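[1] After the sequence you'll find the predicted model.
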Amino acid sequence: MVDLNMKVVRPVKMTPESRFRFKCHPGVPCFTECCGRTTIILTPYDILRLKGRLGIDSGDFLERYTRREEHEQSGLPLVIMDMPRYGGKCPFVRPVTGCLVYSDRPATCRYYPVGQGVLITEEGLDEFYFLVREPHCKGFEEQDEWNVETWRKDQGADYYDEMNREWKAMMLRRSSFGKPDITEREQDLFYMVMYDLDQFRRFIFKSRFLTIFQVDDDTQQRIWEDDLELLRFGYKYIKMVFKISDDKSLSLAPQEAVPAAT
Ligand code: SF4
Ligand code: SF4
């Protein structure tokens, strides 16, 4: 079981304006040390980017590089980078050149050494930050100065946050009612739609899905061609199945049940 706010090392809470000095570059003596013996939870958008970068099917990506665990509070499945299978290191780290997938690295890697927490409030999501000061990290001895906001922008984390916001909200909303009952079939459906996008696409176009759900031609075309559009559609579909949205743009044909994920 996994908690979303894991791996917090002596957290110091920060606002977007909080300042810190930091620089990570190949010249630091600890180069790539943070790319191992840690837990990286992959978001749906992380997986979309990584499988695209590697040019492989989402199912292959999940099988080769990740393991599935259950999020303790919501009962929903999480995808974790499977470092133990690669000797405790990230499968994409290289000793001299560093990150093999740098421009498509996950949100957690972009934020580091800033950690991110999130709470659900009546007004919506309350995202907050903290500094992860691990003793081995020499980046704090460098002079470049940031605040959380300039760091997020520099690392491209703000765009990732935008893409991941709905996923986080779903996990938290499910958690906020205490651990809800969730069937194995619902867990499998969530896993496929959120993380195994290529399988979700096959599910839409090769099962009875389009006879059960009313999806207009334009949307069908877009989700056939574009992974990001498919992910957006997936958010809508999951929110409808799990009854956390009253969005009527995806509707069930009369008297039909939701099809099984497999
Ligand atoms: S431990 Fe810190 S300074 Fe060293 S490589 Fe990782 S982020 Fe960079
Ligand atoms: S994805 Fe890249 S930055 Fe992230 S842990 Fe792996 S090698 Fe390091």
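    Arrived safely, thanks for sending. Residues are numbered from 1 along each chain as shown. Ligands and ions are numbered 1, 2, ... in the order given.
[2] Can you check the pLDDT for the closest residue to F22 other than its chain neighbours?
    Excluding the flanking residues, the one nearest F22 by CB to CB, 6 or more residues apart in numbering is G139, at 4.8 Å. (C-beta placed from N, C-alpha, C; glycine too.) G139 is assigned a pLDDT of 97 by the prediction.
[3] show me what contacts G139?
    Neighbour list for G139: 22-24, 28, 30, 113 [criterion: CB atoms under 8 Å, 6 or more residues apart in numbering].
[4] Next, the residues that contact stretch 54-64 from outside, please.
    So stretch 54-64 is contacted by 47-48, 50-51, 68, 79, 91, 101, 195-199 (CB under 8 Å, 6+ apart).
[5] Which residues belonging to it are considered buried?
    54, 56, 58-59, 61-62 (16 or more other CB atoms under 10 Å).
[6] tell me which of these is nearest to V96?
    Nearest to V96 among those is L54, at 20.2 Å by CB to CB.
[7] I'd assumed M192 was in contact with F203.
    Yes: using CB atoms under 8 Å, F203 is in contact with M192, at 6.6 Å.
[8] which one of those two has more residues nearby?
    M192 (22 against 19; other CB atoms under 10 Å).
[9] hang on, that one in a helix?
    Yes: per DSSP: H, G, I helix; E, B strand; the rest coil, M192 lies within a helix segment.
[10] any idea which of the buried residues of stretch 54-64 is closest to S74?
    Closest to S74, out of all of the buried residues of stretch 54-64 and judged by CB to CB, is L62, at 19.4 Å.
[11] R37 is in contact with E134, correct?
    No: assessed by CB under 8 Å, E134 is found out of contact with R37, at 10.5 Å.
[12] Of the two, which one has the most company?
    For E134 versus R37, the count of surrounding residues by other CB under 10 Å is larger for E134: 16 against 12.
[13] quick one: the more buried one and Y65, what's the gap?
    E134 is 23 Å from Y65, where distance means CB to CB, to the nearest Å.
[14] now, among the buried residues of stretch 54-64, which is nearest to ligand 2?
    L54 (11.4 Å; CB to the nearest ligand atom).
[15] Local confidence estimate at the closest one?
    With respect to pLDDT, L54 scores 98.
[16] Give me the neighbour count for M83.
    20.
[17] from what I can see it touches L42, true?
    No: contact criterion CB under 8 Å: M83 and L42 do not qualify, at 11.9 Å.
[18] just to revisit the earlier point, top of the contacts of stretch 54-64 by number of neighbours, please.
    Busiest of these [other CB under 10 Å] is Y195, holding 27 neighbours.
[19] now that one: how far from M83?
    Where M83 is concerned, Y195 sits at a distance of 18 Å (CB to CB).
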